[in-house]
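1. take a look and give me a structure for this.
(one chain, ligands or ions: 1)
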Amino acid sequence: MANLEVNYLGLTLKNPIIVGSSGLTDKSEAIRNLEQNGAAAVVLKSLFEEEILLEKEAMLSQMQSGGFLYPETVDFYQYEEAPKETTMDYLELIRETKKQVSIPVLASINCMTAQQWTWFPKEIENAGADGLELNLFILPTDMKRSAGENEKVYFDIVEEVCSKVNIPVSLKISYYFSNLATMINRLSTTGIKGLVLFNRFYSPDIDIENFQLTSGSVLSTPGDLSLSLRWIAIMAERVDCDLAASTGIHDAPAVIKQILAGANAVQVVSAIYKHGGEKIAEMLHQLGSWMDKHGFSSVDQFRGKMSQVGGDNPAAFERVQFMKYFRGFTGDEM
Ligand SMILES: Cc1cc2nc3c(=O)[nH]c(=O)nc-3n(C[C@H](O)[C@H](O)[C@H](O)COP(=O)(O)O)c2cc1C
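-> Numbers count the residues shown, from 1 in each chain. Below is the predicted model of the structure:
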């Protein structure tokens, strides 16, 4: 039987399938079930920077209104000394999950600034998390801000967080950058151990009968795979950190494609929401069978075989215009 083991963020994973940050990973019992179905690691549901900061606000106003301190001492009060409910719950989730499972548990923080929340990653490390994924996204809508200003925030946050912890830090990003390849490459040299390409975001939709804003589809479809597949393939072997693929991975062929493109690991969410944790077991079984069929005894033997650098048709990943390629296309070909 093929050996499915991979290395990701300096951690040895028993296979390449990680359950991505979501409501699937906010309870330790549910995570135990994912482990039983074969998940190699989990990324916990994100704690939001705002949640950490809001608790600070609440704490400060309580201190000021309670009158149990002289107001000026509030300025000297160290937030580090007073973690409150949400942050405490999050640390408890890490501790409890670490007790219940033996797979690596990665915490996740959704952040947009390098400000006063950055003491918290050390608490996450102390609670026993095996790594920290930063879920970082600035929707570039502010027309007064330059691309450079937006991008600087990523480097500031990574520098700040990496200087505070010893556990591996990874970064989950979007594809909204003015020069995506350069940005991914530069981020990979900052000290982070992995990049997750790409996050999927809440998208608004419009109800044309009731003239109301609604939510777009929350879950991805298999067709959403192509964006991350292209960029994993383009960036593989051009970065100084590991790559995890995320979005649209719904079956074993998608896992295999991402590894052929050069991913060290993949993150799966929507497929598990749709089909349950058993989907992981099915994907692993099919991955093993495919490896046996093609004579691969380890994942490393085929990782990157079809990347832009490793494959024999590098131009295909940069082809973007349909016109020439599909001249004479009638629709019957698919
Ligand atoms: C219901 C739901 C909740 C999510 N919550 C988070 C989150 O807290 N933090 C995060 O980084 N990503 C979150 N995600 C994004 C997923 O981790 C993943 O990147 C995205 O769903 C694409 O993967 P998929 O195609 O396998 O679903 C969430 C996704 C879903 C569907």
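
2. could I get the contacting residues of the nearest residue to residue 218 once chain neighbours are set aside?
-> Spatially, and ignoring its direct neighbours in sequence, residue 218 is nearest to residue 202 (7.5 Å; CB to CB, 6 or more residues apart in numbering). Bear in mind the C-beta positions are built from the backbone N, C-alpha and C, glycine included. Neighbouring residues of residue 202 by CB atoms under 8 Å, 6 or more residues apart in numbering: 215, 216, 218.

3. next up, phi/psi of the closest residue to residue 219 other than its chain neighbours, please.
-> Leaving aside its sequence neighbours, residue 219 sits nearest to residue 270 (CB to CB, 6+ apart; 3.9 Å). In terms of degrees, to the nearest 10, the main-chain angles of residue 270 are phi -60, psi -40.

4. up against the ligand, what does the chain have?
-> 20-23, 45-46, 108, 110, 135, 172, 199-200, 218-220, 224, 246-249, 268-270 (CB under 6 Å from any ligand atom).

5. just those: which are in helices?
-> Of the residues of the chain next to the ligand, the ones assigned to helices by DSSP state H are residue 270.

6. just the buried ones from the residues of the chain next to the ligand, in ChimeraX syntax?
-> To isolate the buried ones among those in ChimeraX, judged by 16 or more other CB atoms under 10 Å, type:
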select :20,21,22,45,46,108,110,135,172,199,200,220,224,246,247,248,249,268,269,270
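
7. return the subset of the residues of the chain next to the ligand lying in strands.
-> Within the residues of the chain next to the ligand, residues falling in strands by DSSP state E are 108, 110, 135, 172, 246, 268.

8. state the pair within those residues that is farthest apart.
-> Farthest-apart pair in those is 110 and 268; separation 19.3 Å (CB to CB).

9. quick check: next helix or strand after the lowest-mean-pLDDT helix or strand in the chain?
-> The weakest-scoring helix or strand in the chain, judged by mean pLDDT, DSSP states H and E, is helix 71-74 (a mean of 40). Sequence order places helix 85-100 as the next helix or strand after helix 71-74, per DSSP states H and E.

10. mind listing what the residue nearest to residue 219 touches?
-> Contact partners of residue 270, counting by CB under 8 Å, 6+ apart, are 219, 220, 221, 248, 250.

11. next, format these as TSV and append pLDDT.
-> Formatted as TSV, the contacts of residue 270 follow (pLDDT from 0 to 100):
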residue	pLDDT
219	97
220	97
221	97
248	98
250	98
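
12. nearest to residue 279 among those residues?
-> Ranked by distance to residue 279 (CB to CB), the contacts of residue 270 are led by residue 250 at 8.1 Å.

13. quick one, what contacts that closest one?
-> Each residue near residue 250 by CB under 8 Å, 6+ apart is listed here: 220, 221, 222, 225, 268, 270, 271, 274.

14. now the first one: how far from residue 39?
-> Residue 220 sits 18 Å away from residue 39 when distances are taken as CB to CB, to the nearest Å.

15. picking up where we left off before, farthest pair within the contacts of residue 250?
-> 225 and 274 (14.6 Å).

16. how many neighbours does the closest residue to residue 129 other than its chain neighbours have?
-> Of all residues not flanking residue 129 in the chain, residue 107 sits nearest, at 4.2 Å (CB to CB, 6+ apart). Residues near residue 107, counting by other CB atoms under 10 Å, number 29.

17. contacts only, for residue 107.
-> 43, 44, 47, 90, 94, 124, 127, 129, 131, 132, 133.

18. what's opposite the last one in the beta bridge?
-> In this entry, residue 133 is beta-bridged to residue 108, residue 170, by DSSP bridges.

19. which pLDDT value belongs to it?
-> In this model, residue 133 is scored at 98, pLDDT.

20. verify the stated contact: it with residue 18.
-> No: using CB atoms under 8 Å, residue 133 is not in contact with residue 18, being 9.6 Å away.

21. how far off centre is the helix or strand residue 289 falls within?
-> Applying DSSP H and E as the criterion places residue 289 in helix 278-293. In terms of CA atoms, centre = their mean, to the nearest Å, the centre of helix 278-293 is set 23 Å apart from its chain centre.

22. using CSV, write out the CA atom coordinates for that helix.
-> The C-alpha trace of helix 278-293 is given here as CSV (Å, rounded to 0.1, in the frame of the first residue of the first chain):
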residue,chain,number,x,y,z
GLU,A,278,-16.6,9.9,5.3
LYS,A,279,-15.7,11.8,2.2
ILE,A,280,-12.1,12.1,3.6
ALA,A,281,-11.8,8.3,3.9
GLU,A,282,-13.1,7.9,0.4
MET,A,283,-10.6,10.4,-1.0
LEU,A,284,-7.7,8.7,0.8
HIS,A,285,-8.7,5.3,-0.5
GLN,A,286,-8.9,6.6,-4.0
LEU,A,287,-5.6,8.5,-3.7
GLY,A,288,-3.9,5.3,-2.5
SER,A,289,-5.4,3.2,-5.4
TRP,A,290,-4.3,5.8,-7.9
MET,A,291,-0.8,5.8,-6.5
ASP,A,292,-0.6,2.0,-6.7
LYS,A,293,-2.0,2.0,-10.2
